[in-house]
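[1] build me a model from this:
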Amino acid sequence: MNALRQYPWPGNIRELRNVIERAVILSEGSTLQIPLGAAAVPGATGPPTLATTERTQILAALEQTGWRIRGPAGAAALLGLKPTTLESRIKKLGLHRPR
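    Below you'll find the model as predicted:
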């Protein structure tokens, strides 16, 4: 039960339901065994989320371009995005230019 509580459940309730259903089908004996792998270990993290990856990529591009968004040498061109799209994602992620 502790492992189930500590698992991050990135797929939300559907993932939990699927894991339990699979365990019921595959378990042998009267004890339900639910293999959660390394993600159930306290302190272990699962794969990065899409938002985390997006944030990392945008920050890297902004730092590489000196926080220039527009123009051929800007972060938007580097990421293959329209400048307005990049600006909205920066706002959505709450990124701020360091002072």
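
[2] could you use CA atoms for every contact and neighbour count after this?
    Will do.

[3] sec struct for residue 70, please.
    Reducing the assignment at residue 70 to three states with DSSP: H, G, I helix; E, B strand; the rest coil gives coil.

[4] and the gap between it and residue 54?
    In this view, residue 70 and residue 54 are 18 Å apart by Cα to Cα, to the nearest Å.

[5] one more: residue 18?
    Separation of residue 18 from residue 54 (Cα to Cα): 27 Å.

[6] the more surrounded of those two?
    Neighbours were counted for residue 18 and for residue 54 using other Cα atoms under 10 Å; residue 54 has more, 15 against 12.

[7] how about the helices in this structure?
    2-6, 12-26, 50-64, 75-79, 83-93 (DSSP state H).

[8] which among those helices is found nearest to residue 32?
    Closest approach to residue 32 among the helices of the chain is made by helix 12-26 (6.6 Å; Cα to Cα).

[9] and that closest one, C-alpha only, in CSV?
    The C-alpha coordinates for helix 12-26 follow below in CSV (Å, rounded to 0.1, in the frame of the first residue of the first chain):
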residue,chain,number,x,y,z
ASN,A,12,-3.8,9.5,-13.0
ILE,A,13,-6.6,7.2,-12.0
ARG,A,14,-6.7,5.4,-15.4
GLU,A,15,-3.1,4.2,-14.9
LEU,A,16,-3.9,3.0,-11.3
ARG,A,17,-6.9,1.1,-12.6
ASN,A,18,-4.9,-0.5,-15.4
VAL,A,19,-2.0,-1.5,-13.0
ILE,A,20,-4.4,-3.1,-10.5
GLU,A,21,-6.4,-4.9,-13.3
ARG,A,22,-3.2,-6.3,-14.8
ALA,A,23,-1.9,-7.4,-11.4
VAL,A,24,-5.2,-9.2,-10.7
ILE,A,25,-5.0,-11.0,-14.0
LEU,A,26,-1.3,-12.0,-13.7
